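Colleague: what follows is a predicted protein model with its sequence.
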Amino acid sequence: GRKSGYTFTYTPCEKVNGAIRCYTITAVPDQVGTTGDRRFYSDESGEIHYNDWGPADVTSPAIGQGPTN
């Protein structure tokens, strides 16, 4: 879906005994520099990760952490 200048993508993992036990969510600005700058990633852990320069993933810094060097 789309909201506030970002496109959100939800990807569930395979069902186990009829239940979805894991997922990923990404958010990417529709127009980098205009609608947003950062890309975001989250999963079932609830931690939100960001990247200023490319796709965010589980290895990207978490919100509240500084960038990794």
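Modeller: Structure received. Predicted, not measured: the structure shown is a model, and the values here were computed from it.

Colleague: which stretches of the chain have low pLDDT?
Modeller: Within the chain, the ranges that satisfy pLDDT under 70 run 65-69.

Colleague: hey, what's the residue nearest to the spatial centre of it bridged with?
Modeller: In the chain, the residue lying closest to the centroid (CA atoms, centre = their mean) is Tyr41, at 1.7 Å. Beta-bridge pairing for Tyr41 (DSSP bridges): Thr26, His49.

Colleague: residues contacting it?
Modeller: Shown in contact with Tyr41 (CB atoms under 8 Å, 6 or more residues apart in numbering): 24-27, 48-51, 55-58, 60. For glycine as for every other residue, the C-beta is placed from the backbone atoms N, C-alpha and C.

Colleague: give me the buried subset of those residues.
Modeller: Neighbour-count burial (16 or more other CB atoms under 10 Å) applied to those gives 26-27, 48-51, 56, 60.

Colleague: can you pick out the most distant pair from those?
Modeller: Largest separation among those by CB to CB: Ala27 and Ser60, giving 12.3 Å.

Colleague: how about the strands in this protein?
Modeller: In the chain, the strands defined using DSSP state E lie at 2-3, 6-12, 15-16, 19-20, 23-29, 39-43, 48-51.

Colleague: so which bits of stretch 40-49 are buried?
Modeller: 40-43, 48-49.

Colleague: list the contacts for Cys22?
Modeller: 12-13, 43-44.

Colleague: Gly1 now?
Modeller: 7-8.

Colleague: how does it look with 6 Å?
Modeller: For Gly1, the contact set (CB atoms under 6 Å, 6 or more residues apart in numbering) comprises Phe8.

Colleague: roughly how far apart are it and Arg21?
Modeller: Relative to Arg21, Gly1 is positioned 22 Å away (CB to CB, to the nearest Å).

Colleague: for Thr34, which non-adjacent residue is closest in space?
Modeller: Take Thr34 and drop its neighbours on the chain: the residue closest to it by CB to CB, 6 or more residues apart in numbering is Gly5, 7.4 Å away.
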